[in-house]
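Asker: all I have is the shape, not the residue letters:
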């Protein structure tokens, strides 16, 4: 469906992307995950044609669109702040892509209206066509933006931080709804997010990006359980780090076994409930390293000042160069 | 609760009443004292009608010129970078800062038949100074910043993402401009036009030097007021002033109503 | 790299920039150049001579005097009005703001006329003033009144949005710490608004010194007595003393340039904005 080869992009002196290669299969739901400045939005905009790469090629469904302007790419794009046309009704917003179409593909007005109504039904905004975007809630606007992007029957749907501007509750509902829509319509979609939870929950595959490079591509489970670089280990999920000869050992707060003879000892200086578990934080005896542990909350809460002895039962070792050397299980 | 409300509010109201409200009320009082028949006779005399026509016509023409070029100037200042942009931006406010009489004699020096520009237009048969064209040019000068400064912030505020959205939906640049950008800045353009128009109708200093001041031909309404005053024709001056003020207020009110209606409609 | 759909082609850009610059060149820059060029047409000697006449000097003095009276008056008013409007809630606030703006929508000539109707020989108070041997119209007080009216909204117009944006937290904090109203104003509010105040005063002053229409109606054009600089420009021009007229005009143009530079500096440094209405 999409093949990116050697995409590079500089903004002045600032290198935004260093040679990105990525393949996306039809029907996939892909998350571009990374911190701000990682190049994820730039990559999305290059795929859309809103920016042009300095070198490399973009293949879309077999066509080389590397130099094709955005208007001719036929790609749906949902903007972070919706970018709705404030002076147009919701229906006119949705029908915009149809009304600017020229040539023989142009639908008569009645057909465009019908199509807009149909799309509004699809995004569950039936009857809101005559309203203006200013009269809608954030979640409703987001769905209008989506309907508008879908109106042109895009071969690819791109979403830039689609839930970034919404409050937590709406975000959660909309996430599930988008996932269902993607499946039901058989779309190929790529979305950008800095929220790892969002990426892991929604995507078929997660592309973790950092400083203009792809750190790891994989299924959410793989990225979470087997991070290939210290960055991924740190950025996706919570991670404790222990210095080790020649590198670092990374383990998740829950990847531990409590044992009286455990190799590590945590002096607890803060305890709180984190959902279904107790979270205990403090410094390790000896190394003085800060560590967070998850303990089953069926037991009593750990006490402040208490020493918890444990050892990681599952951990990853990264050498000093940041390469993944082995996933060890103790 | 902060102190000083009584003092500041009282002083504001008293000073406003003394300096603005009472003097302005006087003119309406005086006009009311004329009686309807006399008011119509002096306020809508043939000479007065010609002056209104000229003042409103040239103010509208200048406003339209400024809508077109003011939009281009605002666009260029907001969207593009070029050397000397800051200076150009500061220069746009010149008509706000330059005394109108200075602008008046300078424009006359340029457009008089022997002037810098006039000498090239004269052989072409184009007379600018002492015609309605000259008046319009003076009003273009006076009105330009109103349009530029009204449009600039709205254009700067208009997110690039909206234009990008139009592009991803297949719109050409021209379609994006006419269907997305122009409707968004339309209200600001209208405001700019109205402000420039209202100012132009009442403008005096920059116009009287270039206009030639021929009664019935190039005599603007404010000048007619002055002429009437010089002839101690207070009734005429008052009636003309009231007609002008009411017309200007009506235009501003109309525009405010249109804007409020469109804001309400869009739920913003 | 051109992105055709989200910006204009380089050619289109160049065309638009050229159109804007040519337009501004013809309508703004050329008139400005014409003022100085005409003033210096016969060299520096006649230019300086024209400024050195007693009438010109009297006009300069009068203009400075008018500004020195009317600008502080409007400054005090502007501060009081914006304090009342931004620190308190009261019914009719929107109406009050509209009324303060009113002089912007009145023709300068009408602004002069209203004072003639009030204080002129045939005006409402004309007889009473004559009885007490007081002169307002065709005298300095009339010019001051007209100027105050014309420049009435300037300071308030700049301060209201600025003080609205700053809120009243600082003042409430000061009062809660035991400061009196005046102490709060001098030590908290005034330092917060000083650059905005200066900005408003600058624009107010430029207009006060340059006002023509309103002043023309009330002044009576008495040379050496009630002639401000803009009026003097008109008189010299009508007497075909073009060098003299443009010489005085060039001083006013310099004032305008200084105002523009100071205004631009304030905008850069303090992020102040002028509204579209002046």
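Answerer: Now that the structure is in, tell me what you want to look at. Model, not experiment: these values are computed from the prediction. Residues are numbered from 1 along each chain as shown, chains lettered A, B, ... in the order given.
Asker: in the stretch 1-150 of chain B, what residue lies closest to chain A?
Answerer: Relative to chain A, the nearest point of the stretch 1-150 of chain B is residue B:81 (13.1 Å; CB to the nearest CB). For every residue, glycine as well, the C-beta is placed using N, CA and C.
Asker: ok, how many other residues are close to that residue?
Answerer: 9 (other CB atoms under 10 Å in any protein chain shown).
Asker: and it, which of the three is it?
Answerer: coil (DSSP: H, G, I helix; E, B strand; the rest coil).
Asker: residue numbers of chain A in contact with chain B?
Answerer: A:48-50, A:69-77, A:79-81, A:83-88, A:96-97, A:100-101, A:131-135, A:145, A:148-149, A:151-152 (CB under 8 Å from any CB of the partner chain).
Asker: now which of those residues would you call buried?
Answerer: When those are checked for burial by 16 or more other CB atoms under 10 Å in any protein chain shown, the buried set is A:48-50, A:69-71, A:73-77, A:79-81, A:83-88, A:96-97, A:100-101, A:131-133, A:135, A:145, A:148-149, A:151-152.
Asker: among the residues you listed, which are in reach of chain C?
Answerer: Residues of these in contact with chain C (CB under 8 Å from any CB): A:49, A:50, A:69, A:70, A:71.
Asker: the third one is in contact with residue A:49, isn't it?
Answerer: Yes - in this structure, residue A:69 sits in contact with residue A:49. The criterion is CB atoms under 8 Å, and the distance is 6.0 Å.
Asker: excluding its backbone neighbours, what's nearest residue 51?
Answerer: By default, I'm working from chain A. Of all residues not flanking residue A:51 in the chain, residue A:45 sits nearest, at 4.5 Å (CB to CB, 6 or more residues apart in numbering or on different chains).
Asker: actually, chain C is the one I wanted.
Answerer: The shortest distance from residue C:51 to any non-neighbouring residue, by CB to CB, 6+ apart, is to residue C:247 (5.4 Å).
Asker: burial of that neighbour, as a residue count?
Answerer: 28.
Asker: which residues touch it?
Answerer: With contact taken as CB atoms under 8 Å, 6 or more residues apart in numbering or on different chains, residue C:247 is in contact with C:39, C:46, C:47, C:50, C:51, C:56.
Asker: among the residues you listed, which one has the most neighbours?
Answerer: Ranking those using other CB under 10 Å puts residue C:39 first, with 24 neighbours.
Asker: from chain B, how far off is that one?
Answerer: From residue C:39 across to chain B, the span is 10 Å (CB to the nearest CB, to the nearest Å).
Asker: low-scoring stretches of the chain, by residue?
Answerer: As the question left the chain open, I've gone with chain A. Chain A contains residues with pLDDT under 70 at A:322-330.
Asker: wrong one, I was asking about chain B
Answerer: Chain B contains residues with pLDDT under 70 at B:267-268.
Asker: give me the most central residue, it.
Answerer: Taking CA atoms, centre = their mean as the criterion, residue B:196 is the residue nearest the geometric centre of chain B, at 2.0 Å.
Asker: can you pull the phi/psi pair for that residue?
Answerer: phi -70, psi -40 (degrees, to the nearest 10).
Asker: pretty sure it contacts residue B:69?
Answerer: No - counting by CB under 8 Å, residue B:196 stays clear of residue B:69, with 11.4 Å between them.
Asker: which neighbours do these two share?
Answerer: When contacts are counted by CB under 8 Å, 6+ apart, residue B:196 and residue B:69 are jointly contacted by residue B:144.
Asker: what pLDDT does the residue nearest to residue C:51 get?
Answerer: In this prediction, residue C:247 carries a pLDDT score of 96.
Asker: report the buried residues of whichever strand or helix holds it.
Answerer: Residue C:247 belongs to helix C:242-270 when assigned by DSSP states H and E. The neighbour-count check on helix C:242-270 (16+ other CB under 10 Å) flags C:242-253, C:255-257, C:259-260, C:263-264, C:266-267 as buried.
Asker: and what of stretch B:67-79?
Answerer: B:67, B:69, B:70, B:71, B:72, B:73, B:74, B:75, B:76, B:77, B:78.
Asker: ok, now which ones touch the second one?
Answerer: Counting by CB under 8 Å, 6+ apart, residue B:69 touches B:144, C:19, C:20, C:23.
Asker: what's the most distant pair in these?
Answerer: B:144 and C:19 (13.7 Å; CB to CB).
Asker: ok, residue 246 - how many residues close by?
Answerer: Just going to use chain A. Neighbour number of residue A:246 under other CB under 10 Å is 11.
Asker: chain B is the one I meant
Answerer: Around residue B:246 there are 12 other residues, counting by other CB under 10 Å.
Asker: just the element for it, please.
Answerer: Residue B:246 is located in helix B:234-266, with elements delineated by DSSP H and E.
Asker: ok, that helix near chain C or not?
Answerer: Yes - if you take CB under 8 Å from any CB as the test, helix B:234-266 does meet chain C, through B:234, B:237, B:238, B:241, B:244, B:245, B:248, B:249, B:252.
Asker: between those residues, which is nearest residue A:162?
Answerer: residue B:252 (43.3 Å).
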